[in-house]
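Q: need a 3D model of the following:
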Amino acid sequence: MNRQFLQSLETYCGEHDAHLVVLPMAGASIKDDELDEMLAKYSTFDGVRDVRLNQKIRVSNYQIRPQQIDPVTGLSRFTQSDTSTIFASPKQRLKVIPNGSDYPKVLMTTGAVTHPRYRDNRIGRIARLDHVYGALVVELDGRKKYHYRHIAAQKNGKFVDLGVEYDGKNMYEARPEAMVLGDWHTGETNPKVKAETFRMMEQYQPRRVFVHDFFNGDSISHHNIGKVVTQAKVHQRTGLDLGRELEASYRELMEIYKHLPEDAELVLIQSNHDEFLHRYLQSGRFIDEGRNALVASKLLTAYIEGTDPLRAGLEMQGDIPDNIRFLGRKEGYKVRGWELGKHGDQGANGARNSVRSTENALGKSISGHKHTPEIQRNTFIVGTSTGLDLEYMTGYSSWMNTHAMLYHTGRAQLVNVINGKHRQ
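A: Residues are numbered from 1 along each chain as shown. Below is the predicted model:
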C-alpha cells in the first residue's frame, strides 16, 4: 500500500468534507483476497452490487482484472442509458459513450492506492508500467447532476487537484504549468463555457494557455460549398464575410489575452479549422467572391511569402502581443515531457488520427480536435468549448466541454465545464 498517497487522500477528504471509498479488486493471485486493515475501513461497498451515487452515476461491481490492458474493453454496451459508470482498476481510463440525452455517459476507472504487484511475465510487465497511483473525485449536485475528475499521484503520494497540491498532511498552492482549452471555434464558443474558462484562468493562473481551432472559418468553409440553405443560415446568423470574421477573431483573441496571467504565454495551435483559410487561398475561390476579394488578395501575398495567413489576417486588425505564439503544424511544444503542440487531426502517414496513433507517435500528450474527451494511459484529449448541439452535429453525441490542466508533478487532469461550472 502507498501509505503516503493514502495520507494525502485523507487530508484531501478532510479539507473538502468528502468520503473516501476504497474499491477492492483482484490481486496477483487468488491468495490476495483481503484488504490491508488501513484500507478496509474505507471499503464501504460490498463489491457484489452496483451502487448508485445519484440517478446518473454509479459504481459497478464488474470484476476487471488488474492486468487488463484496456480496462473498459467490451463494457460500453453494459452501461445503462444516461448513467456514467465507475470501475475499479489500477489504470486510469476515461471513455465517453455517445448518448441521445443532454450529456453523454462516461466509463471511467479509478487508479490504485496500492503499489504494483504483478507476475513477472509480458502482461504483468505491461501492467506495471500502466499502474497509476490515483483516484476519482465525484462531486454530487442533487439527484441528477455531478462533476467528476481524475487525480493522479507521484510515487511519493503527492498529487494536485485544481491548483492545490496535497502532500501527506500538508497543502500548497500549485500553479498549473499549462491549461489546454477545449476547441475554441470563435463565433461558436458557448458563452457560459467562455465565462467559466476566464474565471479558471484568473483563479489558477496557468503559466501557458493552449488554444485549438481558435479560428472557425464560417465565412469561407469549403464544407458549405453548394449548400444554399446552409450558406443562407450562416449569413443570417452571423452576417460574416472574411474581413468581419477576422475582426471578430481579433477581438476574441484580445479578450482571451485580457484574462491571461501577465507572465503567461498564449499558444495558438495550428488546427484544421485555421487551415480553412489556407484551403480558401489555395483554391482561389475568393476571385469569384467580391465581398472577400480585397482581404483575401492581401492574405494570399503574405501566404506566398511564407507567413501564416491567420496570423497575417489578425495582424491586419491590430497589434499582436509578444507573448502570443502561433505554433505551426511541424512544430512541437513540450512541457514536463508532455507534447501539447499537436491538434490531433493528423495521423501517421496521411491517415486519419486515432488515440492509438497519437500514443504511438507522441508518447505523453494532450490534444484536441475530436470534441470528445478521453484518457488512455498518458494520452489525453480535451473536448470542445462550443455549444454541444451545433448545426452540423447529427445523431447521438459524445461531445463535452472539457479542458485539461498539466501540473509541475508531471500529471495531467481533465476538467469539465457543466452548466457553466467546472466544479460543484
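Q: so where's the stretch 101-250 of the chain shaky on pLDDT?
A: 101-102, 223-239 (pLDDT under 70).
Q: the spatially closest residue to residue 96 that is not a sequence neighbour: what's it in contact with?
A: Of all residues not flanking residue 96 in the chain, residue 398 sits nearest, at 4.4 Å (Cβ to Cβ, 6 or more residues apart in numbering). C-beta here means a position set from N, CA and C on the backbone, and glycine is covered the same way. Neighbouring residues of residue 398 by Cβ atoms under 8 Å, 6 or more residues apart in numbering: 96, 97, 98, 99, 104, 371, 372.
Q: in the sheet, who's paired with the second one?
A: This means residue 97. Note on residue 97: beta-bridge partners by DSSP bridges are residue 105.
Q: and for the closest residue to residue 116 other than its chain neighbours, the neighbour number?
A: In this structure, residue 116 finds its nearest non-sequential neighbour in residue 131, 4.1 Å apart by Cβ to Cβ, 6+ apart. Around residue 131 there are 21 other residues, counting by other Cβ atoms under 10 Å.
Q: check contacts around residue 131.
A: Per Cβ under 8 Å, 6+ apart, neighbours of residue 131: 90, 91, 112, 116, 118.
Q: ditto for residue 328
A: Contacts of residue 328 (Cβ under 8 Å, 6+ apart): 270, 308.
Q: could you chop the chain up by domain?
A: With domains defined by automatic domain parsing, the chain comprises 3-173, 178-416.
Q: please export the C-alpha coordinates of stretch 293-305 as CSV.
A: Extracted in CSV, the C-alpha atoms of stretch 293-305 (Å, rounded to 0.1, in the frame of the first residue of the first chain):
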residue,chain,number,x,y,z
ALA,A,293,-11.5,39.5,-52.8
LEU,A,294,-9.6,42.5,-51.3
VAL,A,295,-8.9,40.9,-47.9
ALA,A,296,-8.1,37.5,-49.4
SER,A,297,-5.7,39.0,-52.0
LYS,A,298,-3.7,40.6,-49.3
LEU,A,299,-3.5,37.4,-47.3
LEU,A,300,-2.5,35.5,-50.5
THR,A,301,0.6,37.7,-50.8
ALA,A,302,1.5,37.0,-47.2
TYR,A,303,0.9,33.3,-47.6
ILE,A,304,3.1,33.1,-50.7
GLU,A,305,5.8,34.9,-48.8
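Q: give me the contact list for it.
A: 241-243, 246, 277-278, 280-281, 286-287, 289, 309, 312-313, 316.
Q: in stretch 185-204, which residues are buried?
A: 185-190, 193-194, 196-197, 200-201, 204 (16 or more other Cβ atoms under 10 Å).
Q: chain center to it: distance?
A: 14 Å (Cα atoms, centre = their mean, to the nearest Å).
Q: do the same with stretch 43-55
A: That offset, for stretch 43-55, works out to 28 Å (Cα atoms, centre = their mean).
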